[in-house]
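Q: curious how this folds, go ahead:
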Amino acid sequence: MEGETAAIHALHSDGATRKRIQSLGLFEGRRICVVARAPFSGPLLVEDVATGARVMIARDLAENIEMESRAPEGR
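A: Got it, this is the predicted structure:
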């Protein structure tokens, strides 16, 4: 969902796919926010919460990323 923030729990890929995901700055433990979703199964725009860096990631790559949601602060 757009605006949703979560931590990357695991990358379920090896080799070139894993390296590609990591080259975008997406690593286990990193908190990211989905900023926008392109229509028709297009890419996702995600933002690293800590650095503010934004990257577009293809949905087929995103399917290899397991996210771990976190309860909102103050709960």
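
Q: quick check: buried residues in stretch 17-29?
A: Within stretch 17-29, the residues that count as buried by 16 or more other CB atoms under 10 Å are 21, 26. Backbone N, C-alpha and C define where each C-beta goes, glycine included.

Q: same check on stretch 37-51?
A: Residues of stretch 37-51 classed as buried by neighbour count (16+ other CB under 10 Å): 43-48.

Q: using CSV, write down the CA coordinates of the longest helix seen in the chain.
A: Taking DSSP state H as the criterion, the chain has its longest helix at helix 15-23. Output of helix 15-23 as CSV, limited to C-alpha atoms (Å, rounded to 0.1, in the frame of the first residue of the first chain):
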residue,chain,number,x,y,z
GLY,A,15,23.1,-14.6,-7.5
ALA,A,16,22.4,-11.8,-10.0
THR,A,17,18.9,-11.1,-8.8
ARG,A,18,20.0,-10.6,-5.2
LYS,A,19,22.9,-8.4,-6.3
ARG,A,20,20.6,-6.3,-8.4
ILE,A,21,18.2,-5.8,-5.4
GLN,A,22,21.2,-4.9,-3.2
SER,A,23,22.6,-2.5,-5.8
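
Q: that one packs against which elements?
A: For helix 15-23, the elements it packs on are strand 5-11, helix 59-62, judged by 3 or more CB pairs under 8 Å, 6 or more residues apart in numbering; DSSP states H and E.

Q: alright, calling it a day.
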